[in-house]
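*Asks:* no sequence for this one, just the structure:
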């Protein structure tokens, strides 16, 4: 008969969470009445522990996920270092009313679990030693996230995604370029919600506009982009406009700037803006303002994009020429962008412990890689 435990403990950096971590926690959930997962982050790491904990909660709603700062040195041969790490774990347990039941099972993949279980007076449940069932590690993911896309939860994928926004005044070819790029890379579409809303709203383009409408358009545009980032088959999303463009159109139709739309735009910085040129002929499709404002609107886009770039924001490039020329230029820029994964700083280095796995740090040798690294 399989023994069940009252309270299982899973610890790690989860930097970032991946399929190996999820398998480990799910095994713990199957064997324990309750499971506490501790995300032990260090100040050397660039992704906050709170965000990693949120990612885990998204995937593991029945586990109790907490996070804490652990800057103790990583030395498996130093009892004082072990004491410092375990003290952090005990403080996290004591801070949670749910964890009044003592830990009676420590669930790990690597050999450090024996020492950790002994320190808690608990049983050691070892899962997938050597990580043969789920061959992935945090080190490998950080080096090549797209190569390990299969192993990443949707929220983690969305964090790694490089976001490219095609932007521009009316009838400058933004939708054409966005669709061409989406087809070229095999990505989910991120359409322009403002255009759909214009067709749906009572009175169409001619009726007076209100700030609340632009708040709606901005939120929906952001949602469409975030949804695509969770579903994309690779670390890239191309959007046909974004919240910054919504802010520009608020200026145009309401006559003032919108603090709420601009605040959302400030919180959503893409990796690259592609501004489509206004040298091509204007085409009226029934939903456009008209050629008389196109060049002025284009100048406003240039002004805002340059202001943001100068303040440390994303780069932007204005693309002109034929459809094929624009696509070729855009592909060259996007290829260069996605060639470098989104950066994560290295975790604390480790020392000692030839037989231990990486509980607090990261390792690169296959024999010492860990599910919780």
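*Replies:* Perfect, I can see it now. This is a predicted model, so every value here is computed, not measured.

*Asks:* ok, residue 333 - contacts?
*Replies:* By Cβ atoms under 8 Å, 6 or more residues apart in numbering, the residues touching residue 333 are 272, 274, 317. All C-beta atoms are positioned from the backbone trio N, CA, C, and that covers glycine.

*Asks:* dump these to TSV, plus distance to residue 228, neighbour count and secondary structure.
*Replies:* Shown next, in TSV, are those (distance: Cβ to Cβ, whole Å; neighbours: other Cβ atoms under 10 Å; DSSP: H, G, I helix; E, B strand; the rest coil):
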residue	distance to residue 228	neighbour count	secondary structure
272	16	20	strand
274	16	25	strand
317	22	12	strand
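
*Asks:* closest one of those to residue 174?
*Replies:* residue 274 (8.5 Å; Cβ to Cβ).

*Asks:* go ahead and confirm the closest one touches residue 172.
*Replies:* No - using Cβ atoms under 8 Å, residue 274 is not in contact with residue 172; the gap is 10.8 Å.

*Asks:* which residues do those two both contact?
*Replies:* With contacts taken as Cβ under 8 Å, 6+ apart, residue 274 and residue 172 have no neighbour in common.

*Asks:* so which of the contacts of residue 333 is the closest to residue 200?
*Replies:* Closest approach to residue 200 among those (Cβ to Cβ): residue 274, at 27.2 Å.

*Asks:* what sits against the closest residue to that closest one other than its chain neighbours?
*Replies:* With sequence-adjacent residues excluded and distances taken as Cβ to Cβ, 6 or more residues apart in numbering, residue 274 is closest to residue 166, at 4.9 Å. Residue 166 makes contacts with 174, 175, 177, 178, 181, 238, 239, 240, 241, 274, 276, as judged by Cβ under 8 Å, 6+ apart.

*Asks:* check contacts around the first one.
*Replies:* Right, residue 174. Residues in contact with residue 174 (Cβ under 8 Å, 6+ apart) are 166, 167, 168, 192, 240, 241, 276.

*Asks:* pull up the gap between the residue nearest to residue 274 and residue 266, please.
*Replies:* Distance, residue 166 to residue 266, by Cβ to Cβ, to the nearest Å: 20 Å.

*Asks:* just the helices from the stretch 251-373 of the chain, written as ranges.
*Replies:* 259-266, 294-310, 323-338 (DSSP state H, counting those that start in this stretch).

*Asks:* got TSV for these, with mean pLDDT and distance to residue 77 too?
*Replies:* Output for these, formatted as TSV (pLDDT from 0 to 100; distance: least, Cβ to Cβ, whole Å):
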stretch	mean pLDDT	distance to residue 77
helix 259-266	96	48
helix 294-310	94	50
helix 323-338	98	41
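
*Asks:* and the strands in the protein?
*Replies:* With strands called from DSSP state E, the chain shows them at 5-12, 32-41, 64-69, 74-75, 105-108, 123-126, 162-167, 236-240, 272-276, 316-319, 350-351.

*Asks:* please name the nearest non-neighbouring residue to residue 204.
*Replies:* Distance criterion Cβ to Cβ, 6+ apart; nearest residue to residue 204, sequence neighbours excluded, is residue 198 at 6.5 Å.

*Asks:* could you do residue 40 as well?
*Replies:* Closest to residue 40 by Cβ to Cβ, 6+ apart is residue 70, at 4.1 Å.

*Asks:* right, and the helices of the stretch 251-373 of the chain - which one's nearest residue 19?
*Replies:* Closest of the helices of the stretch 251-373 of the chain to residue 19 is helix 323-338, at 22.2 Å (criterion: Cβ to Cβ).

*Asks:* give the residue spans of this protein that score low on pLDDT.
*Replies:* The model of the chain has pLDDT under 70 over residues 1, 97-99, 282-291, 352-373.

*Asks:* so which residue is dead centre in it?
*Replies:* Centroid-nearest residue in the chain, with Cα atoms, centre = their mean: residue 159, separated by 1.2 Å.

*Asks:* that one against residue 342, yeah?
*Replies:* Yes - here residue 159 reaches residue 342: they are 7.2 Å apart, a contact under Cβ under 8 Å.

*Asks:* if I look at residue 45, how far off is residue 63?
*Replies:* 21 Å.

*Asks:* who has more neighbours, those two?
*Replies:* Neighbours per residue, other Cβ atoms under 10 Å: of residue 45 and residue 63, the larger number sits with residue 63, 21 against 16.

*Asks:* all set, thanks.
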